[in-house]
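Enquirer: turn this into a structure:
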Amino acid sequence: MHLFIIEDDMDFSREMKDFLENSLYRVTCLTDFDRIAAQAVKLCPDLILLALNLPGTSGVEICTEIPRASDVTIIFVTGRTDSMDEVTALVKGGDDYVTKPFHPLPAGSHHGCPETDKEGNFFLCHGTQRCGSGFVQRLCPLP
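Expert: Numbers count the residues shown, from 1 in each chain. Now for the predicted structure:
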């Protein structure tokens, strides 16, 4: 599975990249903030972790520029907790919305957040919302 991290916080991007690569995912981090949607389409990732605030644009704008025919899962990852931000992100094409800070939990953890479907696929979860993402590890909000 190939993940594309679109985030201007390079420390966060590096942390997520290291964690996900250690979990055996192929990860690309955005380094050039020009033509972001075109880069995403060219990379053809399976999942995009997309920041809400980006230099010169917003994650919502980028999300609307990525053709939905690409069938890529888009998960917003942000420090913004306003419910209207979340609603806007989801209405504009996001598949899920995860607020920072959060921490990764091992797949075998049973702390209320991790779940699998009948096929054994893991889910990225946020509160009571779930997005089928195929993650072997999950990202859960900190209590």
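Enquirer: ok, and the closest non-adjacent residue to residue 37?
Expert: Ranked by CB to CB, 6 or more residues apart in numbering and with sequence neighbours excluded, the top spatial neighbour of residue 37 is residue 65, at 3.6 Å. All C-beta spots, glycine's among them, are computed from the backbone N, C-alpha and C.
Enquirer: just checking, the one you found touches residue 35?
Expert: No: the criterion here is CB atoms under 8 Å, and residue 65 misses it with residue 35 at 9.4 Å.
Enquirer: so which residues of the chain form helices?
Expert: 10-22, 36-43, 59-65, 83-91 (DSSP state H).
Enquirer: so what touches the longest one?
Expert: Meaning helix 10-22. Outside helix 10-22, the residues that touch it by CB atoms under 8 Å, 6 or more residues apart in numbering are 3, 5, 7, 27, 29-30, 49, 100, 104, 137.
Enquirer: one more: the third one?
Expert: For helix 59-65, the external contacting residues (CB under 8 Å, 6+ apart) are 6, 36-37, 40, 50-54, 74, 76, 78, 88-89, 92-94.
Enquirer: can you rerun that using 10 Å?
Expert: Under the criterion CB atoms under 10 Å, 6 or more residues apart in numbering, residues 6-7, 30, 33, 35-41, 48-54, 57-58, 74, 76-78, 80, 85, 88-95 lie in contact with helix 59-65.
Enquirer: and the helices of the chain, which is most packed in?
Expert: helix 59-65 (a mean of 19; mean count of other CB atoms under 10 Å).
Enquirer: extract the C-alpha set from that one and format it as PDB.
Expert: The C-alpha trace of helix 59-65 is given here as PDB (Å, rounded to 0.1, in the frame of the first residue of the first chain):
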ATOM      1  CA  GLY A  59      -6.400  20.900   2.200                       C
ATOM      2  CA  VAL A  60     -10.100  21.200   1.300                       C
ATOM      3  CA  GLU A  61      -9.200  23.000  -1.900                       C
ATOM      4  CA  ILE A  62      -6.600  20.200  -2.800                       C
ATOM      5  CA  CYS A  63      -9.200  17.500  -2.000                       C
ATOM      6  CA  THR A  64     -11.700  19.000  -4.500                       C
ATOM      7  CA  GLU A  65      -9.000  19.100  -7.200                       C
END
